[in-house]
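S.K.: sequence and predicted structure, then a few things I'm wondering about:
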Amino acid sequence: MAVGKVLAGLTLPDAFAEALPWRRLLEAFVLLAPGQELVTADEPIIAALLEAGLAAPQGVFTAPAWKLAGLDRCPAARPWLDSVLRLACAKSGAKPLEGGA
């Protein structure tokens, strides 16, 4: 009976309430699928990369994975993040992205 009272006020979390841990997923992607290109249409990811000063000529970010993941250097414990990764932006009616260096 006491458990019922505790559980009565609980609700399931909204599936979309938490932000996607895309930076961590990117780190795993480069380890699990080396040499492959990742494609995203997620506007917040694209905006974050542009705000970080990364350029996307032709709508493709190309940089070491650690840089795309928002790190300031490649961690010694994760040397695979030094691999160059291509992250293409798939947006309907997309034009080449401007910005970054």
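M.R.: That came in fine, so what should we check first? Numbers count the residues shown, from 1 in each chain.
S.K.: contacts and neighbour counts: CA atoms only from here.
M.R.: OK.
S.K.: would you map the helices across the chain?
M.R.: Taking DSSP state H as the test, the helices found in the chain are 2-8, 22-32, 43-51, 65-68.
S.K.: which one of those is the most hemmed in?
M.R.: helix 65-68 (a mean of 23; mean count of other C-alpha atoms under 10 Å).
S.K.: so for that one, mean pLDDT?
M.R.: Mean per-residue pLDDT for helix 65-68: 94.
S.K.: begin at 44 from here
M.R.: Noted, 44 is the first residue going forward, which turns the last one into helix 108-111.
S.K.: what helices and strands are in contact with that helix?
M.R.: helix 65-75 (3 or more C-alpha pairs under 8 Å, 6 or more residues apart in numbering; DSSP states H and E).
S.K.: output the helices of the chain as JSON lines; include the columns distance to Asp125.
M.R.: JSON lines is the format used below for the helices of the chain (distance: least, C-alpha to C-alpha, whole Å):
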{"stretch": "helix 45-51", "distance to Asp125": "46"}
{"stretch": "helix 65-75", "distance to Asp125": "9"}
{"stretch": "helix 86-94", "distance to Asp125": "17"}
{"stretch": "helix 108-111", "distance to Asp125": "6"}
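S.K.: weakest of those helices in terms of mean pLDDT?
M.R.: Looking at these, the bottom one is helix 45-51 with a mean of 49.
S.K.: quick one: residues contacting Trp65.
M.R.: Ile88 (C-alpha atoms under 8 Å, 6 or more residues apart in numbering).
S.K.: measure it to Leu92 for me?
M.R.: 11 Å (C-alpha to C-alpha, to the nearest Å).
S.K.: and for these two, which residues touch both?
M.R.: Contact criterion C-alpha under 8 Å, 6+ apart; residues shared by Trp65 and Leu92: none found.
S.K.: excluding chain neighbours, what is closest to Pro107?
M.R.: Nearest residue to Pro107 in three dimensions, chain neighbours excluded: Val127, at 4.1 Å (C-alpha to C-alpha, 6 or more residues apart in numbering).
S.K.: residue nearest the centroid of the chain?
M.R.: Trp65 (3.1 Å; C-alpha atoms, centre = their mean).
S.K.: so the residue nearest to Pro107 sits against Leu111, correct?
M.R.: No: judged on C-alpha atoms under 8 Å, Val127 makes no contact with Leu111 at a distance of 9.4 Å.
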